[in-house]
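J.: Mind folding the following:
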Amino acid sequence: MRAALTRTSLTRAPLARVSLIRRLFAALVALTLVASGVSAAAAQAVDSRIRLDTVGYPPARPKRASVAARFDEFRVRRGPDGAVVFAGRASAPVRNEDTGEDIRVADFSALKEPGAYFLEIPGVGRSPAFRVARDVYVGPFRAAFEAMYLWRCGSSVSLARGGTTYRHDACHLGDARLDFVGRPGERKDATGGWHDAGDYNKYVVNAGVTVGVLLRAWEEFGPRIAGVALDPPNAHARLPDFLGEIKWETDWLLKMQAADGSVYHKVSTKDFGPAVMPEDEQTERYFAPWSSAATADFAAMLASAARAFRPYDDAYSRRLLAASRRAYDFLRAHPESRRADLAGFTTGAYQTDDADDRLWAAAELWETTGERAYLADFERRARAFGVKFDEDWGWSNVKNLGMVTYLASRRGGRDRALVRELRAALVSTADRVVATSRAHGHARTLGTKYYWGANGGVVNTVVVLQAARRVSPKAAYDEASLDAIHNLFGRNPYGRSFVTGLGHDPPRRPHDRRWLGRPHLRAWPGYLVGGGWPKATDWADDEENYRVNEIAINWNAPLVYALAAFLEETPPAERRRANRRAPR
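T.: Predicted coordinates:
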């Protein structure tokens, strides 16, 4: 997630100027097509001021577009024949401070008939095409999760989509040297796992939030997920495909534990590697010294995974739990927060204090074992944090994961007063997310907050919203969850999808060494890019600009979670049909 290549400084036209050029070009194209006998509705080119989910909408859910233009009326037309199927009027304008635009909303929620459509606004233009369908998020869910398989390290991968095969050969089979952990010249097996981001290193702390969110998706939406056919090869016949892929990561994590129970912080080159395919990166890779955050995240991940795997592979589940206990016992003997000594590395640091990580580990170990010592540890730590949830969170703050596990538990013995306080805090936090989304012109659940990888933060809010929905089943929590998805698929200042291979005009040149500097290669599908910062309008589809256009496992995981939450829209029989229809 932290790339370090020589960057070029590019001067880019302001968003408004680019939009004007596009509109003039669109008008020229439209006139040419009309002169050739094509209908005016079909001739209109897409106007980026009309911003909606370019993948689509579940039929019974709200459907809204944000429009950065003055208008009174709009129409929704059916794609194949251009017939008007819905007409409506604009909302009052909302000033969008992060883009400096006045946004009006076109609400077409009453349109529930499945089909392919586009939105047309007289005097403005038309939107990209979108679908209304109960299976609308099955394909995107599959793509976002199969992207994890394409990140595999230590194995060849191959996935065919849309007539293109995405593949690389087995890589990094020498992982890794022990020079930085007191054993110069020695090696220990650290093959496997997922590459972290646009680079090929592997970081335990970032694996923590990634695996944690994916396992929350399985715990909450497992039956829906199991109904989706996934392509990644699953060598474990007893495991569902989803867990089979997560096992690729947990198998690697088991190799990251030292004999004393501590966990090495990462496996990495000393410096960021060159822009080559993973099998061509021959630079030596090393274990980094242990950190308490990595050790605590390891304990949390593997305790949670032990629950998930238990019904399918009890022996593996017990192995995971034993490793988790060893890590927790080590932490008990070393109560201080210890950051890894990374003096020999310039690659991703992922350094963080460990209070939130230890809290999460206590919650997962208690939920898996029912042992009161873990429960007491969690409850003590939760009160020390002030009994609250965070609207914006990620790899450096995983407290929410521990809090959600505790509240979702069906075990007895919890502190009833603490449960009441946490439930109230969760609902209050979710209500703030809803209010932020409703006040924003693009219904962005983080509002005007932008930072490196904030697109991942947008979908992290869905974990909080869905937890609140289970405590207090308000429709607003689902609506805001969907708004987070809509924002990433096109209801944003660009009118474009932020996920490779999905929706309208998706990123084509994200920062990823698998195609960096090789413009003839197509971007691999299913990856969420980080998004613009420090301003909303700072995103560029530029492979050199890793600050806004990199990809990372901890951003894809909440996208998988968010999409899984709405697989419920598709009955099992329809999911099977959607699986068969999906391009292979």
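
J.: Flag the shaky bits of the protein, pLDDT-wise.
T.: Where the chain drops to pLDDT under 70, the residues are 1-44, 569-584.

J.: Let me know whether Phe141 touches Glu568 as I believe.
T.: No: using CB atoms under 8 Å, Phe141 is not in contact with Glu568; the gap is 11.6 Å. (C-beta placed from N, C-alpha, C; glycine too.)

J.: For the two, indicate the residue with more neighbours.
T.: Phe141 (28 against 14; other CB atoms under 10 Å).

J.: Double-check that that one belongs to a helix.
T.: Yes: remark: Phe141 belongs to a helix, assigned using DSSP: H, G, I helix; E, B strand; the rest coil.

J.: show me the contacts for it.
T.: Applying CB atoms under 8 Å, 6 or more residues apart in numbering to Phe141 gives the contacts Ile225, Val228, Val560, Leu563, Ala564, Leu567.

J.: can you do 6 Å?
T.: Neighbour list for Phe141: Leu563 [criterion: CB atoms under 6 Å, 6 or more residues apart in numbering].

J.: got it, and Ala90?
T.: Residues near Ala90 by CB under 6 Å, 6+ apart: Phe71, Asp72, Arg104.

J.: The stretch 101-250 of the chain: strands as residue ranges?
T.: With DSSP state E, counting those that start in this stretch as the criterion, the stretch 101-250 of the chain has strands at 101-107, 115-121, 125-126, 130-132, 157-161, 164-168, 202-203.

J.: and Arg509, which of those strands is closest to it?
T.: The closest of those to Arg509 is strand 164-168. By CB to CB, the value is 15.4 Å.

J.: would you put the C-alpha positions of that closest one in PDB?
T.: C-alpha atoms of strand 164-168 as PDB (Å, rounded to 0.1, in the frame of the first residue of the first chain):
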ATOM      1  CA  THR A 164      -9.200 -12.100 -21.200                       C
ATOM      2  CA  THR A 165      -7.200 -14.400 -19.000                       C
ATOM      3  CA  TYR A 166      -5.500 -12.900 -16.000                       C
ATOM      4  CA  ARG A 167      -2.500 -14.900 -14.800                       C
ATOM      5  CA  HIS A 168       0.900 -15.000 -13.300                       C
END
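
J.: Can you mark which positions in it are buried?
T.: Tyr166, His168 (16 or more other CB atoms under 10 Å).

J.: Now do it: distance to the chain's middle.
T.: Computed by CA atoms, centre = their mean, to the nearest Å, the chain-centroid distance of strand 164-168 equals 22 Å.

J.: could you check the angle strand 157-161 makes with that strand?
T.: 170 degrees (axes from the mean of the first three to the mean of the last three CA atoms, to 10 degrees).

J.: Sheet partners, orientation included, of strand 164-168?
T.: strand 157-161 (antiparallel) (DSSP bridges).

J.: Might you report the residue contacts of Val228?
T.: Arg142 are the contacts of Val228 under CB under 6 Å, 6+ apart.

J.: Going forward, the N-terminal residue is numbered 125.
T.: OK, 125 is where the count begins now, so the last one is Val352.

J.: Torsion angles phi and psi at it?
T.: Backbone torsions of Val352, given as degrees, to the nearest 10, read phi -100, psi 130.

J.: Run through the neighbouring helices and strands of the strand or helix carrying Phe198.
T.: Assigned by DSSP states H and E, Phe198 falls within strand 197-202. Applying 3 or more CB pairs under 6 Å, 6 or more residues apart in numbering; DSSP states H and E, we find strand 197-202 packed against strand 208-213, strand 239-245.

J.: swap the cut-off to 10 Å and go again
T.: helix 164-167, strand 188-191, strand 208-213, strand 225-231, strand 239-245, strand 249-250 (3 or more CB pairs under 10 Å, 6 or more residues apart in numbering; DSSP states H and E).

J.: can you tell which of those is closest to Ala676?
T.: Closest approach to Ala676 among the helices and strands packed on strand 197-202 is made by strand 188-191 (26.6 Å; CB to CB).

J.: List of residues touching the strand holding Phe198?
T.: 165-166, 168, 174, 187, 189, 191, 207-214, 228-232, 234-235, 237, 239-248, 250-251, 253-254, 256 (CB atoms under 10 Å, 6 or more residues apart in numbering).

J.: what's the neighbour count on Lys659?
T.: 14.

J.: same question, Arg482
T.: Arg482: 27 neighbours (other CB under 10 Å).

J.: Got phi/psi on it?
T.: Torsion angles, degrees, to the nearest 10, at Arg482: phi -70, psi -40.

J.: which residues touch the residue lying closest to Val170 once chain neighbours are set aside?
T.: Nearest non-adjacent residue to Val170, counting by CB to CB, 6 or more residues apart in numbering: Pro252, 5.0 Å away. Residues in contact with Pro252, defined by CB under 10 Å, 6+ apart, are 170-172, 174-179, 242-243, 613-614, 619-621, 627-629.

J.: got the phi/psi numbers for Pro252?
T.: Dihedral pair for Pro252: phi -60, psi 160, per degrees, to the nearest 10.

J.: Give me the distance between it and Pro264.
T.: 15 Å (CB to CB, to the nearest Å).

J.: sorry, back to before: go through the contacts of Pro252 and flag which are in strands.
T.: Counting by DSSP state E, the contacts of Pro252 place Ile174, Arg175, Phe242, Leu243 in strands.

J.: List the contacts of Asn325.
T.: If a contact means CB under 10 Å, 6+ apart, then Asn325 has 125-126, 277, 296, 319, 390-393, 396-397, 409, 412, 469, 471-472, 474 as its contacts.

J.: Can I have the buried ones of those residues as a ChimeraX selection?
T.: This is how ChimeraX selects the buried members of the contacts of Asn325, with burial counted by 16+ other CB under 10 Å:
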select :125,126,277,296,319,390,391,392,393,396,397,409,412,469,471,472,474
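
J.: contacting residues around Leu612?
T.: So Leu612 contacts 177, 179, 264, 568, 579-580, 582-583, 621-623, 626-627, 652-653, 655, 679, 683, 686 (CB under 10 Å, 6+ apart).

J.: hmm, back to that, next, work out how far apart the residue nearest to Val170 and Lys187 are.
T.: The gap separating Pro252 from Lys187 is 14 Å, by CB to CB.

J.: and what of Val305?
T.: 54 Å.

J.: These two - which one has more neighbours?
T.: Neighbours were counted for Val305 and for Lys187 using other CB under 10 Å; Lys187 has more, 25 against 21.

J.: So the more buried one sits against Arg255, correct?
T.: No: Lys187 lies out of contact with Arg255 (CB atoms under 10 Å); the separation is 11.1 Å.

J.: Tell me the residues that contact both of these two, please.
T.: When contacts are counted by CB under 10 Å, 6+ apart, the set common to Lys187 and Arg255 consists of Asp177, Gly180, Tyr181, Tyr241.
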